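*Asks:* Give me coordinates for this.
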Amino acid sequence: MKAQRGNQTFEVWKISHDPPKEAWVVQCFEQGILEWSAVNEHILLFPRIFGGAAAIGFYLIKTDEKDFQAINSKRFHREFQVL
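*Replies:* This next block holds a predicted model:
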């Protein structure tokens, strides 16, 4: 899905075990950029300077081609508008 914060538009995925419909999410899994934790299958791992991880139900925001931010649902709905 796409969401807007201010005048910026972002690609967003609500983290879930359901097969992703967003092509960019599928591509990131195929390239090994995103992966499920081996220790806890409900935690998604993604690249960040100090390591990124988020639980199912959080929103993964693609800030650029290889950088992501994860935020909880309450913050997502407060800061973003789904397009």
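*Asks:* low-scoring pLDDT stretches of the protein, where are they?
*Replies:* Residue ranges of the chain with pLDDT under 70: 49-50.
*Asks:* Point to the residue nearest the middle of it.
*Replies:* residue 60 (1.7 Å; Cα atoms, centre = their mean).
*Asks:* ranges for the strands of this protein?
*Replies:* 2-5, 8-14, 35-36, 43-46, 52-55, 59-64, 67-71, 81-82 (DSSP state E).
*Asks:* Nearest spatial neighbour of the residue nearest to the centre of the chain, chain-adjacent residues omitted?
*Replies:* Using Cβ to Cβ, 6 or more residues apart in numbering and skipping the chain neighbours, the partner closest in space to residue 60 is residue 13 (4.8 Å). Any C-beta I mention is one placed from the backbone N, CA and C, and that applies to glycine too.
*Asks:* What is the burial count for the one you found?
*Replies:* Using other Cβ atoms under 10 Å, residue 13 has 21 other residues around it.
*Asks:* From what I see, it and residue 20 are in contact.
*Replies:* Yes. With contacts counted by Cβ atoms under 8 Å, residue 13 reaches residue 20, the gap being 6.2 Å.
*Asks:* just so I know, which of the strands of the chain lies nearest residue 25?
*Replies:* Of all those, strand 8-14 sits nearest to residue 25, with 4.8 Å by Cβ to Cβ.
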